[in-house]
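Asks: Sequence first, predicted model second:
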Amino acid sequence: MTTTTTTAATDRLALRDGIRAVGVGVRLGGRTIIDDLDLHIPAGQFTGITGESGTGKTTLLRALAGLVAHSGRITYDGSSTARTGALAMLAQHPRQVCNPRWTLRTIITEPAAIAGRDSDAVALAERVGLIPDLLDRQPGQVSDGQLQRACLGRALAQQPDYLLCDEPTAMLDPVAARGVVAILAELAADGVGIVLVSHNLGLVRARCAHTLTLGRTRRIG
Ligand SMILES: Nc1ncnc2c1ncn2[C@@H]1O[C@H](COP(=O)(O)OP(=O)(O)OP(=O)(O)O)[C@@H](O)[C@H]1O
């Protein structure tokens with residue numbers, strides 16, 4: 001809604017179909033968590049996902065990222081598989097996904113290194129508001145918010161087409177949260193499709209043209 005898209009990005013977006021989920025279902029531990037869900041995530045926009053705790057928001061992100069088995073069909077810009085590196089996920093609990101033995105520098109630069117690209121850890125740290133002095137620390141030596149910023153730096157280094165964000169501001173103070181949202185808006189303006197899972201309905205309303213609300217009665221608005 002508040003995203004400004006550049007002309008070059010508009011041209012690229014015209015060629016992209018977005019992520020489309022049709023009739024998607026996920027079962028975990030013998031229970032149906034997501035049932036017959038349809039969703040379109042356009043490139044270059046924010047798409048919101050809200051809903052009470054336990055309604056399956058994280059599970060849906062994991063299905064979109066190919067991290068959990070699902071029924072139904074998900075396509076990525078018209079293809080049944082996403083190109084390598086096209087999807088980045090910003091996890092709700094960074095400590096659960098970061099290797100505790102790696103430094104923040106390695107966490108940030110690993111995706112680009114795997115893709116055979118150089119990345120500037122200091123520049124990425126500064127972009128996400130992380131003091132570069134922290135780059136040589138391990139996850140156990142920084143705060144949750146600092147680790148969350150390192151994970152955002154990692155996502156930026158990956159240069160994804162879609163960024164799946166699970167409560168990206170929940171662990172941040174208000175100033176840092178605004179900074180992260182501003183970075184996400186810059187990415188959207190550059191053509192990245194942003195999925196924003198959040199309990200912060202004000203944020204979702206302000207940023208998302210379309211919002212899916214999971215719960216007993218699913219709503220798309
Ligand atoms: N690996 C698993 N095995 C069995 N059940 C699971 C598993 N992972 C999640 N669940 C269940 O699936 C449901 C949805 O969980 P999920 O984490 O997707 O919800 P959520 O909407 O993201 O919640 P929150 O807002 O609290 O983060 C919950 O009832 C949860 O207990």
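Replies: Arrived safely, thanks for sending. Numbering: from 1, shown residues only.
Asks: buried ones in the helix or strand His40 falls within?
Replies: Following DSSP states H and E, the helix or strand that holds His40 is strand 31-41. For strand 31-41, the neighbour count (16 or more other C-beta atoms under 10 Å) marks 33-34, 37, 39, 41 as buried. C-beta: built from backbone N, CA, C; applies to glycine.
Asks: repeat for stretch 125-145
Replies: Within stretch 125-145, the residues scored as buried using 16+ other C-beta under 10 Å are 125, 127-130, 134-135, 138-139, 142, 145.
Asks: So which bits of the protein are right by the ligand?
Replies: 28-29, 33, 51, 53-59, 92 (C-beta under 6 Å from any ligand atom).
Asks: Quick one: the strands in the protein, in order.
Replies: 19-28, 31-41, 46-51, 71-76, 87-90, 162-166, 193-197, 210-214, 219-220 (DSSP state E).
Asks: comparing those strands, which gets the lowest mean pLDDT score?
Replies: With a mean of 60, strand 219-220 has the lowest mean pLDDT of these.
Asks: which residue packs closest to Ile108, ignoring adjacent ones?
Replies: Gly153 (4.3 Å; C-beta to C-beta, 6 or more residues apart in numbering).
Asks: ok, the one you found - contacts?
Replies: Neighbour list for Gly153: 107-108, 121, 124-125, 127-128, 130 [criterion: C-beta atoms under 8 Å, 6 or more residues apart in numbering].
Asks: Quick one: mark the members of the residues you listed that sit in helices.
Replies: 107-108, 121, 124-125, 127 (DSSP state H).
Asks: Which of those residues sits closest to the ligand?
Replies: Using C-beta to the nearest ligand atom, Ile107 comes nearest to the ligand of the ones in helices among the contacts of Gly153, at 22.3 Å.
Asks: Find the nearest non-adjacent residue to Val22, please.
Replies: Sequence neighbours aside, Arg73 is the residue nearest to Val22 in space, at 4.8 Å (criterion: C-beta to C-beta, 6+ apart).
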